[in-house]
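Participant: What follows is a predicted structure for the sequence shown.
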Amino acid sequence: MDALELVGLVAVSAVVAGAARRTPVAAPLLLVAAGLIASYIPGVPEYALDPHIVLPLILPPLLYTAAVDSSYLDLRANIRPIALLSVGYVLFATFAVGWLAYILIPDLPLTAALVLGAVVAPPDAVAATAIARRLGLPSRITTILQGESLVNDATAITAYKVALAAAVGEGVSWAGGLGEFALASVGGIGVGLILMAPIHWLRCKLSDPLLQNTMSLLIPFVAYAAAEEVGASGVLAVVVVALYLGHRAWQVDFATRLQEEAVWKMVAFILESTVFALIGLQLSYVVQRLGPYGIGEAAWYALGVFVAVVVVRFLWVFPATFLPRWISPRIREREPGVNWTAPVIVGWAGMRGVVSLAIAFSIPVTTDGEPFPARNLVLFLTFTTVIGTLVVQGLTLPPLIRALKLPARDVQAETLAEAQAQSEASRAAEERLEALLADERNALPQPLADRLRTVVERRRNAVWERLGQANAITGETVDDTYRRLSRVVIEAEREVFVQLRDARRIDDEMMRTLLRRLDLEEAAAYREETAD
């Protein structure tokens, strides 16, 4: 893939993802469909996934941005279901899907079937986050799906390494497999724990937001590479560091947070768009390399493996949901009101993604001069499973959620909690402000002191006003109207600054300084508006 082909892939992926925002179809599904179509258009380059690029260069930033946006406290509160899915389910799926594939496909060695099982076992972090974000699932289900997808790649990659070693005749024992799994998991968490505090300390000490954000872009790669260097799980190292930094992001200065949010949104958008387009673009590549298997025969195998992947997830999710509750009264008390609808959603939300394909592409073509058994078929079955789960489950998940009538978010209760929190914070700010103004060293003219008081008061009242009556004519709350008028006034000032620059009454440098002040004020108004 040359530079022009890469630029073209990123540009077209971004256009398709942008267009998806204007449709009811989630961007991952539209991107996969576009990739499938493009793979057979004459002149489109052949894009083959390189696991040496996907795993160390694309996976870490995607995991990092997903983990930073996650809630450490929510993940900790749901550690049991997350562990059962990210570790227990992946191992169960590796053996169950592998065994079913061994029975279904003639001449497929059991060890190669277990490699396939490990490859298709983990639901994808990118797919789960993107779909859950679009659907507005209940918070606990979203937390469980995100937590599972953050950790399960580590389990799957380790299971794949063990199965691959067995398939190529390296004589791996159960004890050896468990030892490798323990090294990967404990080692990855350990590397993350070692790195997280020094990285956070350095971020807080750096005073330049540009340096801080440059460092932020390097963090996932450093954590991943450091863990892989010692034979541990880079996935877990990235997740641990990202959760810690996200939990303590408030300790970094505001300029860094503003820039970091914008930078990582752009990075995540580009990578997610490119990744899903790449998935679709693999169609022609994997079909052309089926070898002795006919496309009709392989399609039947693909259907069988897809059904096995879907069914096996339900076979795990329902017992994992209800069996602990049946055994432990403490769990029943801590998690009241769990019914059958939640495991149905969790079971059906197991979309696979680029990690499965990247692992499949990393299967060696030959080992000791002998071809890996059915490598091309395993690659094809992985591709069809990824496409099947993304398209079938991704398209049917929204109507399934609507049909099950899951309880929607209580916006009124959330707004009330936000108003109460803001009221307590504003009261503390008012007390601190009055104490400061009483000190002669902080003397201010009365208009400026009143302005500070007004800013604090408006922040407190703004959230309460959203609970009140809307304007009978416009439907806006008082705070909505205030923000809209503020932005109109700011735009008027901006136009004057440009006119003064064009008339040569101020230079460009001064205009940029004045415009930046307005941009910060408008950004504050816009952030409040989008947070509503």
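Facilitator: That came through, no problem.

Participant: residues touching residue 461, list them.
Facilitator: Contact partners of residue 461, counting by C-beta atoms under 8 Å, 6 or more residues apart in numbering, are residue 479. No exception for glycine: its C-beta is placed from N, CA and C like everyone else's.

Participant: How far away from the center of its chain is the host helix or strand of it?
Facilitator: Residue 461 belongs to helix 446-466 when assigned by DSSP states H and E. Computed by C-alpha atoms, centre = their mean, to the nearest Å, the chain-centroid distance of helix 446-466 equals 36 Å.

Participant: Summarise which helices and strands the helix or strand where residue 191 lies is packed against.
Facilitator: Element membership for residue 191 (DSSP H and E) is helix 174-205. When contacts are defined as 3 or more C-beta pairs under 8 Å, 6 or more residues apart in numbering; DSSP states H and E, helix 174-205 packs onto helix 139-167, helix 209-229, helix 234-247.

Participant: Next SSE downstream of the helix or strand hosting residue 480?
Facilitator: In this assignment (DSSP H and E), residue 480 forms part of helix 478-502. The helix or strand immediately downstream of helix 478-502 is helix 508-531, counting by DSSP H and E.

Participant: now the angle from that next one to helix 478-502?
Facilitator: 160 degrees (axes from the mean of the first three to the mean of the last three C-alpha atoms, to 10 degrees).

Participant: Please tell me how far the residue with the largest distance to the centre of the chain sits from residue 66.
Facilitator: Most distant residue from the mean C-alpha position of the chain: residue 440, 50.6 Å away (C-alpha atoms, centre = their mean). Separation of residue 440 from residue 66 (C-beta to C-beta, to the nearest Å): 51 Å.

Participant: Kindly report the same for residue 84.
Facilitator: Taken as C-beta to C-beta, the span from residue 84 to residue 66 is 20 Å.

Participant: Could you do residue 191 as well?
Facilitator: Taking C-beta to C-beta, one finds residue 191 at 19 Å from residue 66.

Participant: ditto for residue 24
Facilitator: The separation that residue 24 has from residue 66, given C-beta to C-beta, amounts to 24 Å.

Participant: can you check residue 78 too?
Facilitator: 16 Å.

Participant: of the two, who's got more company?
Facilitator: residue 66 (22 against 19; other C-beta atoms under 10 Å).

Participant: what number of residues lie near residue 249?
Facilitator: Residues near residue 249, counting by other C-beta under 10 Å: 15.

Participant: I'd say it and residue 68 touch.
Facilitator: Yes. Between residue 249 and residue 68 there is a contact under C-beta atoms under 8 Å: 7.5 Å.

Participant: Tell me, how many residues neighbour the residue lying closest to residue 85 once chain neighbours are set aside?
Facilitator: Nearest non-adjacent residue to residue 85, counting by C-beta to C-beta, 6 or more residues apart in numbering: residue 148, 4.0 Å away. Residues lying near residue 148 (other C-beta under 10 Å) number 27.

Participant: Also the one 4 residues further on?
Facilitator: The local packing count at residue 152 equals 26, with neighbours defined by other C-beta under 10 Å.

Participant: and what of residue 340?
Facilitator: Neighbours around residue 340, by other C-beta under 10 Å: 10.

Participant: Contact partners for it?
Facilitator: Here residue 340 is in contact with residue 318 (C-beta under 8 Å, 6+ apart).

Participant: And residue 75, by the same measure?
Facilitator: Counted by C-beta under 8 Å, 6+ apart, residue 75 has contacts 82, 143, 146-147, 243.

Participant: what bits of the stretch 1-150 of the chain have low per-residue confidence?
Facilitator: Applying pLDDT under 70 to the stretch 1-150 of the chain flags the ranges 1, 125-136.

Participant: Can you pull the phi and psi angles for the residue most central in space within the chain?
Facilitator: Residue closest to the mean C-alpha point of the chain, counted by C-alpha atoms, centre = their mean, is residue 66 at 3.4 Å. Taking degrees, to the nearest 10, you get phi -70, psi -40 for the backbone angles of residue 66.

Participant: In terms of helices and strands, where is residue 256?
Facilitator: Taking DSSP H and E as the criterion, residue 256 maps to helix 254-281.

Participant: Then residue 31?
Facilitator: helix 27-38.

Participant: Go ahead and confirm residue 10 touches residue 275.
Facilitator: No. Look at residue 10 against residue 275 with C-beta under 8 Å: they stay out of range, at 10.8 Å.

Participant: and these two? which has more neighbours close in?
Facilitator: residue 275 (26 against 15).

Participant: So the more buried one versus residue 290, what's the distance?
Facilitator: 24 Å.

Participant: Just give me how far the host helix or strand of residue 434 sits from the chain centre.
Facilitator: Using DSSP H and E, residue 434 sits within helix 411-437. The chain centroid and the centroid of helix 411-437 are separated by 31 Å under C-alpha atoms, centre = their mean.

Participant: swap in stretch 259-272?
Facilitator: With C-alpha atoms, centre = their mean, you get 11 Å for stretch 259-272.

Participant: Can you classify residue 377 by secondary structure?
Facilitator: State at residue 377, reduced to three classes by DSSP: H, G, I helix; E, B strand; the rest coil: helix.

Participant: give the contact list for it.
Facilitator: Taking C-beta under 8 Å, 6+ apart as the definition, contacts of residue 377 comprise 105, 108, 290-291, 293, 298, 301.

Participant: again, but for residue 67
Facilitator: Here residue 67 is in contact with 150, 238-239, 242-243, 246 (C-beta under 8 Å, 6+ apart).
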